[in-house]
Every structure is written in structure tokens, then in C-alpha cells.
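Enquirer: make a model of this:
(3 chains)
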Amino acid sequence: MIDAYIGLLVLWPVAAGLACLVLRAPALRSMLVMATAAVLAAAAVGLATQAPLTASPAFLASATALHVAQAASFLFPVYFLLMGLKEKHPLVIVFALLQLGLAAFGEFGLAAPAEVKTAVVCDGLSLALVLVVSLVGSLISIFALPYMKHHEEHLHLKTSRQPQFFMILLAFLGFMNGLALSNNLHVFSAFYEATTLCSFLLIGHDQTADAKKSGLRALWMNSMGGVFLHAGILLIQKQHGIADIQALVSPALWTGTTLLPLALIAMAACVKAAQLPFQAWLLGAMVAPTPVSALLHSSTMVKVGVFVCLRLAPVFEGTSTGRVLTLAGAFTFLAASALALGQSNAKKILAYSTAANLGLIIACAGIGTPVAIAAGVVLMVIHACTKGLLFLCVGDMEQTIGSRDLEDLRGMIATSPVTALAASAGSMAMVLPPLGMLVGKWAALEAAAASPVSMVMMAVGSALGVVCWVRFTGTLMSGVSMGSKADPAAHTSSLSTGPILTMLAGAVGLGMAAPWLNAMLLPAGVGNALGGGWGLMPPLFITAMLAWIVGIKVLGRQSQAKLATPYIGGLPSKEAGSFVGALGRNWTLSEGNEYATEFFGEPKLTKLAGVVAVALLLALVGGALI
Amino acid sequence: MNLNTFYLAVAGLILAPLVGGLVAGVDRVVTARLQSRMGPPLMQPFYDVGKLMSKVIAPASHWQGMFVRWALVASLASDVMLAAGADVLMCFFVQAASASFVALGAFCGNSPYSKLGAQRELFQLLAYEPVFMVGILCMAKAAGAFDAYSFMAAQGPLLFKMPLIVPGLLFVVLVKLRKSPFDIAASHHMHQEVVRGVYTDYAGRDFALLEIAHWADVTVVLWICSFLWATSPLTMVVTAGLFLFAALVIDNISARLTWRTMLGRVAPITLILATANLVWLYLE
Amino acid sequence: MFGSFLKTSQVKSPWLMHFDCGSCNGCDIETLACLTPVYDVERFGIINVGNPRHADVLVVTGTVNKRNAVILKNIYDQMPSPKLVIAIGACGCSGGVFREAPNVLGGVDKVIPVDVYVPGCPAKPEAIMDAVVTGLGKLKGILEAS
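Expert: Numbering: from 1, shown residues only, chains lettered A, B, ... in the order given. Got it, this is the predicted structure:
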């Protein structure tokens, strides 16, 4: 049964993706995608009922499978190399060649590692990632159905490119599940490269000059991450002769030896998780259709990075490598939050905030104590839900009004109330107690007790985040002195609002359930250390529910009330958003947010933060080297 | 949770806003005396709220009533948490949520002044939150735990271990009493810079509830400041009183800041001082 | 008890808003003078606010003309009830020397109901304070009758 679940989780999406490529009829494709979503959700829940578990399904454990994984370590770099040569992109070529060299060295220059006994180990952490991928990822795929139809209508394509799109999208989910479950470093790295490939193809999907450029940027950065990962794996192989991930993460193995391999793998994770100074590929991913950016940001790709770090976290506890990683993560949290605050592009705000929150999770991993790991896992799951929701909402609103600028989204609550309210709730769920993101942040802050500087960075980053999200919500819910702009019935599809509302329920529900969630989703061997600390939560939930009920009652009463005329000094005119001013004329009122670019301007801040982040990462590797 | 904690929580729920109201009254009387005036009666803030309660006016947005209630609940909850000896850091987050709700309600209003106020309110939040948080972290480090009872049970006054967070806390008190910055303009006295900032669109009963929430906030802030010398209840009251008086004197003898100066100068300086103090505590 | 406290509060906390309807600035200066520390109107709980949504007492100086009548009406409408209006100075009371000008409508009471009139050109600060207190007495009478 367990083998069947794992098979469905990993192989079904890949097969369904291939079927999408062959069966080109839109109706069939919709059915396939929905069936995949159902299968993934069922299998993930099925797996959750059996966890924690170990298994060795043939397709991951057999000798053939291992050969395929080995071949993949050559095939992916070769493909990247060809792409680099085709596009004449020197960085892609260099990193592909480096990867090839490392693969060849591992194959011919090193003794084979000890055989891995169990191919799949599914503990709470793996399960968390599987659930995120299978539930959030599936919802995003369903959302993609109406979105891509609309998107292609907008682009006026002759032949639909949706079959390729959905093939990659679905296969991506399968690879992610494989990555979460596999216990063999080589199989893991094959899946890792597969996600790099998928993200490259998805970002470049629209084939515009911008999309191509961003795709290649994602490719070279992530293959650089691949180089770090391979180097780390080879060093482990040389040092300890093992490829078993569970055996690898026991702190006993690493006493007295250098942590350099793990530092390298953490570097790779930082690239995947778009930590500063590697945030550029994630920002570039915005050019892709919304489902892609939602998928890359919330449930897949970037989650690989934090997953790897959390997996290694027990080893990092109390080491100097762990401390530097904490600093690097906390610094990304601070700097990316500041960058988010200076943006008016809604998708960029989301992208920077993603980098920031992942930084927080990586900081948790660097601390490595049970409390910190617990906080990290909670943040990972809830961030996936919340950020997925926000991306879908922004994408939906973008299709409604044709702009993703926060200034144009002002007062969207009048234009598309469901989506705007969902987005508001999602963005408040990023910062409000007692919801999960804040609870995670709180636990992280208290867990960081050993590192005062990272505590301060987290404190500042947290304040920046609050400001950013409250402003985001406030702009969406902005009052009606501006009048409405677009036709409310422009487009609505139950396939797009369905996933949005489900994600909303997930984001808020899981946010509320964080303490219990946390007990369920811990890596093997980590006790639930927050038992006492969470005791505060239930009274807070009750208070929040009471406030909610009172608020909704008042809302119900006030929503019937006639509104006062806006106070605009003297005389508002009849038309919304204007007033009678000098010369007896109607003057239009224009509103805008304060972005305080003298403090949070992107060009200056990116440079400054980049320098610090590079220094921290060098310290990470250099410290381990010495 | 034992019965004792429960009584304390109820006491916090009822007394904290009243104390906050008295603080507001003291604020106005002392300010008046510093300007050689008589000033209003001590109970004036309560009269103001009573009057606002009985006013009838159309709301500026359908959402404001909801946000006001949420802000009130969050503010009162933070008081109750302190009274019941809960985690001080979480108490701070709950209080920050209250400030967020106030800003959100202002965003929902239909007057541009209200939205302007909301923007500035957020930047003000950005300026004082980090230093306040670092102050709490310092206290937690010295006390060895994050709950309020441990703060109060710490051996000897915490002040001597963390002199450098005093400017930061004073800054927080000044902001929370709505003394600085002047271009947020929500104070009673110099309030005509940009109408009334974040409060512009709130009126009538909503405004009264918001005022009560503000009292609760002031109590929380002064209470946390009083942890600096928490050897007995009397010293705590005196410490809080000293912070209040210092804030009033600073307000009366110096010019108020704009939010830009606050964010660009005051916030970094106080934050650096507090951080230095935190690092000291670790080096000890 | 709570109800009587609310009623008492209404007469103990008059927040006033000053609107210059076209005054020569004489009455404006006197009005502002009574808000200075010398006269200390905060003794009576009076606060000068800049926002009609918070104001209880509208203090109007100057004549009402055809252009600003609608603004005056708008500000009055934006105030929460119960509310008081005090017309200050000869112009506010009746239009004063500008009464016969072609663009002038007359006193404040041509547009909105006025509770207290303060004569004088300009009115004295003491008279203005007295007007507020008289207005509050009137309000108290209304509240007790209800």
C-alpha cells in the first residue's frame, strides 16, 4: 500500500503530464489535471496516515533506478550545456561543464558509497513537503486551467502551447514528491536537477525576450547551486563513504570532522531558496504566467532549499557553520523585507517577501534546536499556503484589470470583492497573531536566543513585514473616494475562485492549527519541544474568534449604513474622487502610497545587501573550510 | 491556568484601560501646568470618551466598525496577557496587531487625509517596533525567560543591566502617547498638521472605542517600561511614572519630529544602542 | 448611572471647529487668541479640532456668500449630532457691513441653524468663551428634557 502511495505521488503526475502532451483536447486536459490533483491529494493524505514510515519501492530502489539517477547526473548538465551553447550564455556553459566534471569525477574517481538500505524515509519533514506539493501544488494546477486559457487568448497564439505547459507543471509536482521522499543522495540530486530543468522551462514558457532572459538566469543560478550540491555530495562520499541521508544527519557522524560538505549543500539550498544575493532568479520568475510564479514561490522550487536546510538542521545545532547560516538567513529576512517595502509591483512584493520568509526558515535551520526546527517546519507549510493564495489572488486581479502595480490595485475590493478580500485575508495572515506565520516568527525569535545579532535582524525584519503587508491590505481595501475602474463581471470562473477560496481556508485554518500541525510534522528524532510554549495559543484563538464574531456583527450592521461624504477639506464634488477647488473647477484627487525609496530604494539597497550577503556566504563556506 | 491567574486576567481587563485613561488625564494636566495653565480636570479623557460614545454619525466606511472592535480586542488582550503573566513578546505582537487594525480602518476610510495618516502610522510603527522588541529581548535575556512573571521576579532591578535601552523605551513612550512625530498629528494638542492623521475618519462611538484601545496600549507600554525596576509594585509604578514624566518634559521642551527624521535618525540610533546592550548581555 | 455619565460628558467635552466663512480675520484672531494659554479654554474641556467629524461646536466667523454657503453647509452636515453652532462677530450674526453686497447672503443663520450669537467687531475672546458655555447650557437643557 505504501509503495502504491509513493508510486502515485511520484510517477502519476509525470505520466499524467506526458498524457497531456499526447491528448491535446482541452476538455481531456482539464480532466487529467483535476484527476491528478485528486490522486495526489488522496495519496498524500494516505501517506500521512501511515507516517512515519520507511519503504523501498522498486522504482526508487532497484539497480536500474540507481543507474537512471546516475545517468541523470550526466544528462541534465549535457542538456544545460546544449541550451547554453544555443543561447550563447557563458555562465550556463561554465556551470554545466563544472557539473559534468563533478559527475565524471564522482563516477570514475571515487569509490562507490555504501549501499542505501531504505530508498524512502518519510518522516514529518518529508511529509510536510509532500503535503505542500500535493495539496497546494494541485490547487495551483487547477487554477492554471482557466488562467492559461485566458492567458493564451490574450497572446493570440496560433497553436496552443498548453500541452507542454501542463506536462512540465504536472511533472514538476512528481519530481518534488520524489525529492521529498528519497533517502539516497544520488536519487535526491537527480530530482534536484529535474526541478531546475522544470523551472527553467516554465519561466521561459512565454518565449518572449524577457521570459528567455529570466529563464536562463534561473538556469545558471540554479546550476551553480547544482555545482555546490554535487561538490557537497562528493565530499561526503569521500569523507564518509555514505549516500544515506538519514545516516548523514546524525550529529555524531560529524563530531570532529569538517562541516564543509554540509556548508556547500546549504549554499546550494540558499540558491534554490533565492536567498540574497541569489534573489534575482526568483524576481525574474515573475515574467512567467501566474501559476508558474505561484508554484515556484509557494509550493515547489524554493521549498527545496528550506527543506534541505531543515533536513540538515540537527547537525548544525551549536556549530559555527550553523551560526553563520542563522546570520545569513536572518540577514536575508531583514534585507528582503526592506526591499519588499520599497516596491509598488505587487508580484515583486510577493517575491521579496518569499525570499524573506525563506530566510527566516533557513535561520531556524541554522539554529537547529528542536524548537527552531519546529518553527521552521510550521513556517514552511503555512508560508506555502499563504503565499500560494496571494499569488493566485494577484494573478486573478491582474487578469481583471491588466496591471500588477499596487497603485492600480487600489480599491480592488469594489471591483472584484471575492479575490480582493481573499488577498487581504492572506496578507493579514502573513503578520497577524495568532495565525501561523506570526507564531512561527515568534517561536523563531525565542529560539534564536543564542544569536543576539540575528534576533535583532529578525525583529527589524518582522516590523518591516508588518508594514509591508498592512499597506498591501490597506491599498486593496482602500475606501471609495477614487471610484471604481473596471467591470466587475469581467471574468470569473469557479475554477479560479475555487482554488483561491480553498487556499484561503487552508491558510487561515492551518494558521490557526499551527501548534498541533507542529506536533505532527517534525523530522525524525526531534521531540515536540514546544509543548509548553504553545500553551498560550488556545486562549488567543478563543479571543480571536470572539473578536471575529463581534467584528462581523458590527460589519453586518454597518454595511447597511449610508456612508458619510468624504472629508476633503471643503467641498467634495458629485463625481467620486474629485473636489471643487480653485477657479471653481473640479479637481481630480490622486492617491499614492509612500514607498520611502530614500530608505528602501531597490538599486542602492540591492547592492548593499548583496555585498553583506556574499560576505556571509563566504564566511559560511570559509568557516567550515578552516 | 489556576484561579489566581484568572482573577489577575480579569483585573487586567478592567483596570488597564482605566489606568490608561488616568494616564491620559495626567498627561493633559501636567502638560498644562508645564505651560502655566490650569488644564482640564483629571477625568477629562473619560468625559471625552463618554461624549464620543453618545454621538450619532454616519461611518466613513463599512469596514471601520469591524477594525475598531478588532483593535480594541487586541489591545485589551495584550493587557490581559501581561496581567496573567503570559509571554511578553507575544503580548507585543498582539499589541502591534491592534496598531495594524487602526491603520487598516483608516485605509478603508474615504477621506484622503485618513489614508495619508494610515501611511504615516505605518512608518511610525516601523520606527518604534524594532527597538521595543529588542528592549523586550534584552529583558528576556536578563530574566532568563520570556514570561511577564519572570521579568518581575528578576533578581534586582533590570535597569542596571540594560541602561542603553532606556532611550529606546522613552522613544516608544513618546510615540505611543502620540507626542511625536508631529506630522502624524493625532495628539490632542498640536493636531492640526494634517487634520487628525490616522483618526480622521473615525468618529462617534468607533472613535470612543479606539480611544479606549489607545489607553490600553499606553498601559502596556508603560507596564513593560516598569519592568526595568520591578523589585516591588511601588517601584514599578514609580518607574512607569518617571517614564511618563520624562516623555511629557521632552515633549514640552523640544520640537517634535517628522516621520522621516524619526525613521532615518532616531530609530537607527536607539536601535543601535539597544542592540549594543543586547550584545553586552551575551558577552557577560 | 452610566447614562447620566454620558449626558454629563456631553457638556463637559466640547470640541470646537473654527470655520472662517469670509471674515476680515479680526474675529479669527480673537477666536484663536482664546485658545492660547492665556485664556486656557482647555479648563472647560474645549479642544480646537480641525475635523468636522470630531467636532461638537462649529464656530463660524465672517459673512456667508454665495460661493462658501455650500461649503459651510457641507461642514455642518459632516459633524456628528447633537451639535452646536456659534456665529461670531457682526458679520457672522447678520452679515455686518457687507450685508448689502451683491454676493453676500447675510449671517450664518441663512444657511444653518445658529444656537448662539456673539456680537462685536471683532468679538472679544471672553465673549466667545462665554458663548461656548452658554451653548453648552442650552445643550444641557435639551439633554435633560429628552
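
Enquirer: now the stretch 1-150 of chain B, which segments are flagged as low pLDDT?
Expert: B:1 (pLDDT under 70).

Enquirer: secondary structure class for C:H18?
Expert: Here C:H18 is recorded as strand under DSSP: H, G, I helix; E, B strand; the rest coil.

Enquirer: that one: neighbouring residues, count only.
Expert: 21 (other CB atoms under 10 Å in any protein chain shown). From N, CA and C alone the C-beta is placed, and that goes for glycine too.

Enquirer: report the beta-bridge partners for the closest residue to it other than its chain neighbours.
Expert: Counting by CB to CB, 6 or more residues apart in numbering or on different chains, C:H18 lies nearest to C:V59, which is 4.7 Å off, once chain neighbours are set aside. Beta-bridge pairing of C:V59 under DSSP bridges involves C:H18, C:I86.

Enquirer: name the residues of chain C found near chain A, please.
Expert: Residues of chain C found near chain A, taking CB under 8 Å from any CB of the partner chain as the criterion, are C:N51, C:P52, C:R53, C:R67, C:V70, C:I71, C:N74, C:I75, C:D77, C:Q78.

Enquirer: now, among those, which is nearest to B:M133?
Expert: C:N51 (32.7 Å; CB to CB).

Enquirer: count of neighbours near the closest one?
Expert: Neighbours of C:N51 (other CB under 10 Å): 25.

Enquirer: pretty sure it is touching C:M17, no?
Expert: Yes. Contact criterion CB atoms under 8 Å: C:N51 and C:M17 qualify, at 7.2 Å.

Enquirer: average model confidence for stretch B:233-252?
Expert: Stretch B:233-252 carries an average pLDDT of 92.

Enquirer: check stretch B:262-282 too.
Expert: Stretch B:262-282 comes out at a mean pLDDT of 91.

Enquirer: quick one: the strands in chain A?
Expert: A:53-55, A:120-122, A:578-580, A:586-588 (DSSP state E).

Enquirer: with chain C instead?
Expert: C:15-20, C:47-48, C:57-61, C:64-65, C:84-88, C:104-106, C:116-118.

Enquirer: worst average pLDDT in those?
Expert: Taking the mean pLDDT of the strands of chain C, strand C:47-48 comes last: a mean of 85.

Enquirer: show me where the stretch 101-250 of chain B has its strands.
Expert: Read by DSSP state E, counting those that start in this stretch, the stretch 101-250 of chain B holds no strands at all.

Enquirer: and it, which residues reach chain A?
Expert: Going by CB under 8 Å from any CB, the residues of the stretch 101-250 of chain B near chain A are B:103-104, B:106-115, B:118-120, B:122-123, B:125-126, B:129-130, B:133-134, B:137, B:140-141, B:146, B:195, B:200-201, B:203.

Enquirer: now do the longest helix anywhere in chain C: distance to the chain's middle.
Expert: When chain C is parsed with DSSP state H, its longest helix is helix C:125-145. What separates the centre of helix C:125-145 from the centre of its chain is 11 Å, taken as CA atoms, centre = their mean, to the nearest Å.

Enquirer: so what pLDDT did residue 53 get?
Expert: All of this is about chain A. 79.

Enquirer: sorry, should have said chain C
Expert: pLDDT at C:R53 comes out at 89.

Enquirer: now it: closest residue in space, sequence neighbours ignored.
Expert: C:R53 sits nearest to B:A203 (CB to CB, 6+ apart), 4.0 Å away.

Enquirer: list the contacts of that neighbour.
Expert: A:A564, B:L52, B:K55, B:I57, B:P59, B:A60, C:R53, C:H54, C:P80 (CB atoms under 8 Å, 6 or more residues apart in numbering or on different chains).

Enquirer: between these, which is nearest A:S344?
Expert: B:A60 (25.3 Å).

Enquirer: that closest one - that's part of a helix, no?
Expert: No. Counting by three-state DSSP, B:A60 is not part of a helix but coil.
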